[in-house]
Each structure stands twice: as C-alpha cells, then as structure tokens.
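[1] Sharing a sequence plus its predicted fold:
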Amino acid sequence: MRVLIIGATSAIASETARAYAEGRGRLFLTGRTGAKLASVADDLRVRGAAEVHTAELDVAQIPLQAQIIESAISKLGGLDVALIAHGALPDQSACEKLVVDTVAALHVNFTATVALLTVLANYFEAQHSGCIAVITSVAGDRGRQSNYVYGAAKGGVERFLQGLRNRLHASGVTVVTVKPGFVDTPMTAGVKKNLLFASPRRVGRSIHRAIERRRDVVYIPWFWRPVMMVIRGLPERLFKRLHL
Ligand SMILES: NC(=O)c1ccc[n+]([C@@H]2O[C@H](COP(=O)([O-])OP(=O)(O)OC[C@H]3O[C@@H](n4cnc5c(N)ncnc54)[C@H](OP(=O)(O)O)[C@@H]3O)[C@@H](O)[C@H]2O)c1
C-alpha cells in the first residue's frame, strides 16, 4: 500500500501511519516541523514500514503543495491512499477580535485543505482507483459560540468532500470523511478532559479501518453519530439560547 499523509506529525495521523507500517506499507509523510517528522518516520521504520519518505510542508504555503504531491507520486511510484490530517484549533475569542486570526484559521483548516484536495482529486480520478481521506470534526456539524470559526472551516471541508465523493465515484475513487469527537492530543492540551475524550490510538486505528473498508463518512468513536444527529436536530430558536 502506497500512502501519502499530509500533517503526519499529528498524534492521530501518526497512529494511522503505524497501522500502515505494521502492514509493511510504503509511506510518504509531510509535516511542518522537520525534527518531529524525522522522529515519526524513524518510529514507522522500526514498526515495519517497507519505505518511509518525508518532506517538510507548511500547508498554508499553497504554491508548494503540488510539487510535494508530485514528489510523493514519483518516490512511491503512485499512490493508493492520501490522508489529510493537518489542523489547527484557533482561539475563538481572539478570532472574534482580529480578522487576521479568523482568516488564518480558515486558510489552514479550509483553503489549504481544499487546495490539496483539488490536486489529489485530479490525480486519483485519472488513475481510476484509490482513496482520499480527510480528518474533519464533529465541530463542523453545527456552529457553536465556543468554536464556530474552526467549525465553519471543518463544515466547509465536509461539504467539499461530499461533492468530491459524488464526482469521483464514477472513477472508482473513494472519499472518506472522518469526524472525530474530542481526542486527547496536543491540539486539545489546554482543554479540560472528560469521559468523552478518546485516545489518538483508538481514533488513528479507526481511521485506518475506515480507509480499508472504503467508508464514506465515519464518526469516531461511533457514538458521536447519534449524538450529533440530536444536536443537528435541535431547532435554532432553542439552540441559540444554549451556551455551547
Ligand atoms: N484533537 C481533537 O479533539 C480533534 C477532534 C476532531 C478533529 N481533530 C482533527 O484531527 C486532525 C489531527 O489533529 P490532532 O488532534 O492529531 O492534533 P495535533 O497532534 O496537534 O496535530 C495537528 C497537526 O496539524 C499540523 N499543522 C498545523 N498547522 C499546519 C500547517 N500550517 N502546515 C502543516 N501542518 C500543520 C501540526 O503540525 P506541527 O506538529 O508542526 O504543529 C500537527 O501535526 C486535525 O485536522 C484536527 O482538526 C482533532
């Protein structure tokens, strides 16, 4: 299996990468921080990966994305799976005060992801096979006062993926939308933990399974599907009064 992972230093994505490494996968990893990327790559080699290549990529640098994807295709001799995992949780109250913070959060979580997907979709469509998976979030299911900038970006990516799935189905390409709930990773280091938090291992391994099973939309853990169904179903006149 030839796998490209964008944002491979994420705690969740590195667990998915371990599952591929244990299956003797061939991996191309991108990450923003070179030293972190090198340590993830070393770990995957020890765990059995047949090949691990790395490239530094700050996804916000959109003009650099296509050349990194081309380099992954060339190093691995093609791609079977691409997983987009990068993400940044902005400070909601800072975003409310500063346009520049809001725009930066939308850029990294939405625009950069859509730009990557545009290049990857054309590659997989021409190949007539493969799988694109993207980590979005349950936060995209409904706007809440505590994180609607992040939620808007994740919700926008989800809608984009829906259209892409519809387009690529005829070419035999699967598009997997991954919607985790709360996960105990560096991203949520400042958030008080509760029983709803899942481990990155559980979430990362579930993403691997979802890709292997060519699922369309997965909530991880599973119970977020009914929870979010209820939350989405609440009428706006009631929802706007809640402090969520
Ligand atoms: N943790 C949660 O509760 C939760 C819930 C739902 C969805 N998610 C989503 O899960 C995905 C993985 O996050 P995580 O929980 O595993 O957190 P994490 O360990 O903090 O990973 C976030 C990753 O995004 C990378 N990143 C951020 N901005 C980047 C940029 N401009 N260019 C390249 N890489 C960038 C970070 O790179 P550096 O290491 O260099 O900073 C890091 O590898 C994200 O898409 C996140 O939105 C997380």
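    Okay, I see it.
[2] And what about the residue of the chain found nearest the ligand, helix, strand or coil?
    For the chain, the residue closest to the ligand is G87, as judged by Cβ to the nearest ligand atom, at 2.4 Å. In this view, the C-beta of every residue, glycine as well, is placed from N, C-alpha and C. At G87, secondary structure determined by DSSP: H, G, I helix; E, B strand; the rest coil is coil.
[3] Now it: phi and psi?
    According to degrees, to the nearest 10, the main-chain angles of G87 amount to phi -180, psi 160.
[4] Same check on K192?
    Comment: the main-chain dihedrals of K192 come out as phi -70, psi 130, following degrees, to the nearest 10.
[5] how about the CA coordinates for the helix ranked longest in the chain, as PDB?
    When secondary structure is assigned using DSSP state H, the longest helix within the chain turns out to be helix 148-168. These are the backbone C-alpha positions of helix 148-168, laid out as PDB (Å, rounded to 0.1, in the frame of the first residue of the first chain):
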ATOM      1  CA  TYR A 148     -17.600  28.400  15.200                       C
ATOM      2  CA  VAL A 149     -14.600  29.600  13.200                       C
ATOM      3  CA  TYR A 150     -12.900  26.200  13.400                       C
ATOM      4  CA  GLY A 151     -16.400  24.600  13.000                       C
ATOM      5  CA  ALA A 152     -17.100  26.600   9.900                       C
ATOM      6  CA  ALA A 153     -13.800  25.500   8.300                       C
ATOM      7  CA  LYS A 154     -14.400  21.800   9.100                       C
ATOM      8  CA  GLY A 155     -18.000  22.000   8.000                       C
ATOM      9  CA  GLY A 156     -16.900  23.600   4.700                       C
ATOM     10  CA  VAL A 157     -14.400  20.900   4.100                       C
ATOM     11  CA  GLU A 158     -17.100  18.300   4.800                       C
ATOM     12  CA  ARG A 159     -19.400  19.900   2.100                       C
ATOM     13  CA  PHE A 160     -16.500  20.000  -0.300                       C
ATOM     14  CA  LEU A 161     -15.800  16.300   0.300                       C
ATOM     15  CA  GLN A 162     -19.500  15.400  -0.300                       C
ATOM     16  CA  GLY A 163     -19.300  17.000  -3.800                       C
ATOM     17  CA  LEU A 164     -15.900  15.400  -4.500                       C
ATOM     18  CA  ARG A 165     -17.200  11.900  -3.400                       C
ATOM     19  CA  ASN A 166     -20.200  12.400  -5.800                       C
ATOM     20  CA  ARG A 167     -17.800  13.400  -8.600                       C
ATOM     21  CA  LEU A 168     -15.100  10.600  -8.100                       C
END
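[6] now that helix, how far from the chain's geometric center?
    Its chain's C-alpha centre lies 11 Å from the corresponding centre of helix 148-168 when counted by Cα atoms, centre = their mean, to the nearest Å.
[7] Could you confirm whether it reaches the ligand?
    No: using Cβ under 6 Å from any ligand atom, helix 148-168 stays clear of the ligand, coming no nearer than 6.8 Å.
[8] any idea of the mean pLDDT for that helix?
    Averaged over helix 148-168, pLDDT sits at 98.
[9] neighbours around V46, how many?
    When neighbours are defined as other Cβ atoms under 10 Å, V46 has 9 of them.
[10] Tell me which helix or strand comes right after the helix or strand containing T30.
    Secondary structure here is read from DSSP states H and E; on that basis T30 sits in strand 26-31. Sequence-wise, the next helix or strand downstream of strand 26-31 (DSSP H and E) is helix 34-46.
[11] Mind listing the strands the very next helix or strand once past that next one pairs with, and their directions?
    Elements were assigned by DSSP H and E; along the chain past helix 34-46, the next helix or strand is strand 51-56. Here strand 51-56 has these sheet partners by DSSP bridges: strand 26-31 (parallel).
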